[in-house]
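**Student:** coords please:
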Amino acid sequence: MATSPLAQRWAAVLIESAYSPMSRRKLTQHLEEHAVRLRAGQDAPAVGAWLVRKRFTGPDSLRRTLEVLAPEFSPEVLGGLAAGYVRATRDQLFAEQEKVKNALLKAVEDAQRDLHDSEARFAQVFASTAVGIAIFDLNGTVVEANEALAAILGHEEMPKELFAEADALALATACSRMIASSVDTDRREWELARNNGDTVCANVVLSVLRGSDGLPKFHVALIEDVTEQRMLQDWLRRQSLTDLLTGLPNRASFTDKLESALASGEPCTLGYLDVDSLAIVNDGLGYVAGDAVLVEVARRLRVVLPNAVVARVGGDEFVVLIQGSPDVAALAGTIDEELSEPVYLEGAGVAVSTSIGFVHAAGPGVDPNVVLRRAHSTLRRAEAGGKRQWAIYDHEADVADRARYARIAAMPGAFENGEISVEYAPVSWVSGSLAFVEASLRWGESRHDEVVAYADALGLASRVGQMVLHDACSRGEPVLIRLSRDQSRDPDLAAHVRSNLRDCAFPASSLFLALDVRSMPDGEENLDVLQDMGVHVLLHEFGGGFGGLSTVDRSPVWGVRLARPPSERLARQGLSLLVPLLRSAGAHVIGGPGDPDELKALGVDLVVGLPR
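**Tutor:** Got it, this is the predicted structure:
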């Protein structure tokens, strides 16, 4: 629809005087319609109201509208438009004011309701929480406190003075310090006095409450009773440092005490004790009786060594730490005398002895674990001499023992990596013809006897023995194998031999197995079973003892491999008498390695040569 110049001028001034999202084209069309109505004298106030509704309410919108329309319309029409415009503007203002008022009223009501809910929630928490709450003014005076805090401090009712004087002063001082240092929160563990004089351990959180102006108004203290938790922690700490059976310090606690003693620089003496034969009490009278013995040993050690630190560090192991360098021989005698008095259990008078390893130590920088290890190593050296023995630390012996133990400990890795090998030496008749070969183990500089002893010490005897057995049988020639003590009495020995004979298709008659005579009589069943399998069985490390002779007499022994010949004259004479005795029993006697002429003079049947 075409628009008049009037509508176009009207639209231009409205767009310049106010903002409306209406497009110019659409606005011009609307204004053309309104101009037609105004010319017809129809409802000029409605046109003014339309302008307000469409947000043409700028500061100059009405004035410029009247200037554009004045040349073509009468004053009555213009007055009606202006009146409608003013009335609509007033109504719009009233409506906006009503909206603002209603919004303000709602905000006030919501704020009051939220404040009421917040206060109700605070009151509920304040009254029902198990945490003590106290509100202080800026002078540190209690303004309000809950019942939980009164109960924590031992009051049945809310008293006038809630805190003990010293605690109140400390809290007030802490509050003042927070204000001075601009710190709003302070957390600490406090010991507060209860009404009955006891002490309560509490976690205390102090906070500064600030007003809307940002200035401090109050302090709040949240106080939680952690007395039981503290007691539990202390109990657990004591348990972790105490032997439950005897009540003595345990290894961890003793190590700390030893470290402190060493750090002082004063000389001290450490004794490492092992209760002899406790296993006999346990097996004979039961573990309850064994525990009673340990408790009594602990009691007597404390009695005889009142100034020493006594601790239990293992099942039947105790340690004593004594200041200075006492006479260890006299000390060992005193301990032995105290423990030799029987204690009656299950109707039996039980007394025990101890073996002890002593070590003197002094000076800071000494590792307590090293001192403990030295004392324990010395104990083991003492026990090698039997029960009720003592020894004092010997550095050279300790170095040698450590080197040996370190090598033993490394044996599984060496076995896994193929560092342990099998070598063979000829075993010949005295006439010179080869009878068979002897298989032996080699690990670096360690020879067969040492290697199998290491294997026995580590429990590797069975695995190492199977390796030798398989290697020897796979060669296909007659072979002699010397077994260790543990291998000789291994209940699975016959099964292992049978398996290797089958896997290698090796005849049993070509296998010569020498069992260690020192494993008898435990290994005699293996002697019988192996002989029934067709294996030639022998005894090695034979030195002529009555036990060995009895085994030769009782068992089907093919031969005997002599122990290394002694150098003493009388012993060698005895050996020369032993060989004919063994041969008369039907046993082949094997000697060597050694001087062939000397061995022949002894009357042996076979001689072992050097490995090839």
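**Student:** Where do the helices of the stretch 401-550 of the chain begin and end?
**Tutor:** Ranges of helices in the stretch 401-550 of the chain, per DSSP state H, counting those that start in this stretch, are 411-416, 448-458, 461-475, 485-488, 493-504, 524-532, 546-554.
**Student:** Quickly compare those and say which is most buried.
**Tutor:** Ranked by mean neighbour count under mean count of other C-beta atoms under 10 Å, the helices of the stretch 401-550 of the chain are led by helix 485-488, which reaches a mean of 24. For every residue, glycine as well, the C-beta is placed using N, CA and C.
**Student:** Packing partners of that one?
**Tutor:** helix 448-458, helix 461-475, strand 511-516 (3 or more C-beta pairs under 8 Å, 6 or more residues apart in numbering; DSSP states H and E).
**Student:** list the helices and strands the second one packs on?
**Tutor:** In terms of contacts (3+ C-beta pairs under 8 Å, 6+ apart), helix 461-475 is packed against helix 411-416, strand 421-429, strand 434-442, helix 448-458, strand 479-482, helix 485-488, helix 493-504.
**Student:** ok, T255 touching V370?
**Tutor:** No - using C-beta atoms under 8 Å, T255 is not in contact with V370, being 11.3 Å away.
**Student:** So between the two, which is more surrounded?
**Tutor:** Using other C-beta atoms under 10 Å, the more surrounded residue of T255 and V370 is T255, with 18 against 12.
**Student:** Return the set of buried residues in the helix or strand containing that one.
**Tutor:** Assigned by DSSP states H and E, T255 falls within helix 251-263. Judged by neighbour count using 16 or more other C-beta atoms under 10 Å, the buried positions of helix 251-263 are R251, S253, F254, T255, K257, L258, A261, L262.
**Student:** What pLDDT is listed against the last one?
**Tutor:** Per-residue confidence for L262 comes out at a pLDDT of 90.
**Student:** Not counting its own residues, what contacts the strand or helix carrying W10?
**Tutor:** Applying DSSP H and E as the criterion places W10 in helix 5-17. Under the contact criterion C-beta atoms under 8 Å, 6 or more residues apart in numbering, helix 5-17 has outside partners 20, 24, 27-29, 31-32, 35, 51, 56, 58-61, 64-65, 67-69, 72.
**Student:** Restricting the selection to alpha carbons, write it to CSV.
**Tutor:** Provided in CSV are the C-alpha atoms of helix 5-17 (Å, rounded to 0.1, in the frame of the first residue of the first chain):
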residue,chain,number,x,y,z
PRO,A,5,4.4,12.0,2.7
LEU,A,6,2.8,12.8,6.1
ALA,A,7,3.1,9.2,7.2
GLN,A,8,6.7,9.1,6.0
ARG,A,9,7.6,12.4,7.9
TRP,A,10,5.9,11.1,11.1
ALA,A,11,7.8,7.8,10.9
ALA,A,12,11.1,9.6,10.5
VAL,A,13,10.7,11.8,13.6
LEU,A,14,9.5,8.9,15.8
ILE,A,15,12.5,6.8,14.8
GLU,A,16,14.8,9.7,15.6
SER,A,17,13.2,10.4,19.0
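**Student:** Surely G197 forms part of a helix?
**Tutor:** No - G197: not assigned to a helix; according to DSSP: H, G, I helix; E, B strand; the rest coil it is coil.
**Student:** and the nearest residue to L321 once chain neighbours are set aside, how many neighbours?
**Tutor:** Leaving aside its sequence neighbours, L321 sits nearest to V309 (C-beta to C-beta, 6 or more residues apart in numbering; 4.1 Å). By the criterion of other C-beta under 10 Å, V309 has 21 neighbours.
**Student:** Report the central residue of the protein.
**Tutor:** Centroid-nearest residue in the chain, with C-alpha atoms, centre = their mean: S240, separated by 13.4 Å.
**Student:** circling back: ok, which of the helices and strands packed on helix 461-475 comes nearest L610?
**Tutor:** Of all the helices and strands packed on helix 461-475, it is strand 421-429 that lies closest to L610, at 5.9 Å by C-beta to C-beta.
**Student:** Following the record's annotation, map out the domains of this protein.
**Tutor:** 5-96, 129-230, 242-408, 410-608 (automatic domain parsing).
**Student:** quick one on the thing from earlier: mind checking which of the contacts of helix 5-17 are buried?
**Tutor:** 27-29, 31-32, 35, 51, 56, 58, 61, 64-65, 68-69.
**Student:** among those residues, which are in helices?
**Tutor:** Among the buried ones among the contacts of helix 5-17, the residues falling in helices (DSSP state H) are L27, T28, Q29, L31, E32, A35, L51, S61, R64, T65, V68, L69.
**Student:** just to revisit the earlier point, with P596 as the reference, measure out to the closest residue to the residue nearest to the centre of the chain other than its chain neighbours.
**Tutor:** Counting by C-beta to C-beta, 6+ apart, A252 is the residue found nearest to S240 once chain neighbours are left out, at 6.9 Å. A252 sits 62 Å away from P596, taking C-beta to C-beta, to the nearest Å as the criterion.
**Student:** One more: E317?
**Tutor:** For E317 relative to P596 (C-beta to C-beta), the value is 52 Å.
**Student:** circling back: from the buried ones among the contacts of helix 5-17, pick the one nearest G84.
**Tutor:** Comparing these against G84 with C-beta to C-beta places L51 closest, at 8.4 Å.
**Student:** Show me the shaky parts of this structure.
**Tutor:** 1-2, 96-98, 100-105, 107-109, 111-112, 114-125, 612 (pLDDT under 70).
**Student:** in it, what residue sits furthest out from the centroid?
**Tutor:** Of all residues in the chain (C-alpha atoms, centre = their mean), S74 lies farthest out, 101.8 Å.
**Student:** Now that one: phi and psi?
**Tutor:** As for S74, its main-chain torsions (degrees, to the nearest 10) stand at phi -70, psi 160.
**Student:** Ok, P364 next?
**Tutor:** Torsion angles, degrees, to the nearest 10, at P364: phi -70, psi 160.
**Student:** That one: neighbour count?
**Tutor:** 9.
**Student:** Could you check how far the spatially closest residue to it that is not a sequence neighbour is from E477?
**Tutor:** Among residues not flanking P364 along the chain, A263 sits closest, at 5.0 Å (C-beta to C-beta, 6+ apart). Note on A263: its distance to E477, by C-beta to C-beta, is 66 Å.
**Student:** P364 too?
**Tutor:** Applying C-beta to C-beta to P364 and E477 gives a distance of 65 Å.
**Student:** ok, the buried residues of helix 251-263 vs A150, which is closest?
**Tutor:** Of all these, S253 has the smallest distance to A150: 40.5 Å, by C-beta to C-beta.
**Student:** quick revisit: the helices and strands packed on helix 485-488 into JSON lines, with extra columns for distance to A82?
**Tutor:** Shown next, in JSON lines, are the helices and strands packed on helix 485-488 (distance: least, C-beta to C-beta, whole Å):
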{"stretch": "helix 448-458", "distance to A82": "116"}
{"stretch": "helix 461-475", "distance to A82": "117"}
{"stretch": "strand 511-516", "distance to A82": "132"}
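**Student:** Identify the residues contacting L527.
**Tutor:** L515, V537, T551, S555, P556, V557.
**Student:** Quick one: which of these is the most crowded by neighbours?
**Tutor:** L515 (29 neighbours).
**Student:** what's the burial count for the residue nearest to R64 when sequence neighbours are not counted?
**Tutor:** Excluding the flanking residues, the one nearest R64 by C-beta to C-beta, 6+ apart is V13, at 4.1 Å. Neighbourhood size, V13 [other C-beta under 10 Å]: 18.
**Student:** separation between V13 and H470?
**Tutor:** On the measure of C-beta to C-beta, V13 and H470 end up 116 Å apart.
**Student:** G609: neighbouring residues, count only.
**Tutor:** Around G609 there are 17 other residues, counting by other C-beta under 10 Å.
**Student:** next one: N417
**Tutor:** The tally of other residues near N417 (other C-beta under 10 Å) stands at 8.
**Student:** ok, it to L236 distance?
**Tutor:** 45 Å.
**Student:** Would you confirm that Q531 contacts P556?
**Tutor:** Yes - with contact defined as C-beta under 8 Å, Q531 counts as touching P556 (4.3 Å).
**Student:** Now do the shared contacts for the two.
**Tutor:** Joint contacts of Q531 and P556 (C-beta under 8 Å, 6+ apart) are V537.
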